[in-house]
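Undergrad: Need a 3D model of the sequence below.
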Amino acid sequence: MIDVVCGLIEDEGGQVLACLRPPGKHLGGKWEFPGGKVEAGENPEAALIRELQEELGIVIGIVASLTPVAWDYGKGPLRLIPFRCRITSGQPHPHEHAEIRWVGRETVTELDWADADGPILAQWQATA
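TA: A predicted model of the protein is given here:
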C-alpha cells in the first residue's frame, strides 16, 4: 500500500484550499486536497510539509490529523493520510495545479472532487 498525505489548508475565515488537477494527469479536472507520496524513511508530517512547499510554495503548521482513507483507483491500493493545517509563511501559488481556490463549507461540495478526497471532505465538514 502506498502512503499519500494531503493537507486541508484552512484560512482564518474557515475556508479550505482546493486544488484542481491539471488536464492530462491522472484524475485531471478533479479537485483535491494538495499533497503527495510519503518517501522511504519519511514520516507523514514531514512529507506533507515537503509536498506543500514544492506544490504551493508555502510553509505550513499542522493543526490536527484526520482519519486516513484507504482507496484504490485501479493502480493499486493507497492510504490517504489527511492533516488539517495552516499557512505559517508564504502565499499559495498553483505550481503543479491548474487552479487553486479557497472554498467555504457551504460551497465546497459544488466542486467535482477526486473520489478518495470525499470521505476526508466529510470529516472536515463534520468539524464545524
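
Undergrad: got the contact list for the longest helix along the chain?
TA: What stands out as the longest helix in the chain, according to DSSP state H, is helix 44-56. Helix 44-56 has contacts (Cβ atoms under 8 Å, 6 or more residues apart in numbering) with 3, 5-7, 9, 17, 19, 34-39, 42, 58-60, 62, 81, 83, 85, 90, 92-97, 100. C-beta: built from backbone N, CA, C; applies to glycine.

Undergrad: all strands for the protein, in order.
TA: Assigned by DSSP state E, the chain shows strands spanning 2-9, 16-20, 31-32, 35-37, 59-65, 69-72, 77-89, 99-103.

Undergrad: can you tell me which of these the model trusts least?
TA: Lowest mean pLDDT of those: strand 69-72, a mean of 91.

Undergrad: Tell me who's in contact with the closest residue to residue 37 other than its chain neighbours.
TA: Leaving aside its sequence neighbours, residue 37 sits nearest to residue 4 (Cβ to Cβ, 6 or more residues apart in numbering; 5.5 Å). By Cβ under 8 Å, 6+ apart, the contact set of residue 4 is 35, 36, 37, 38, 78, 79, 80, 81.

Undergrad: how close does the spatially most central residue of the chain get to residue 40?
TA: Closest residue to the average C-alpha location of the chain: residue 33 at 2.2 Å, with Cα atoms, centre = their mean. Distance, residue 33 to residue 40, by Cβ to Cβ, to the nearest Å: 23 Å.

Undergrad: related to what we said a few turns ago, quick one, what contacts the residue nearest to the centre of the chain?
TA: Applying Cβ under 8 Å, 6+ apart to residue 33 gives the contacts 6, 7, 8, 9, 16, 17, 18, 19, 82, 117, 120.
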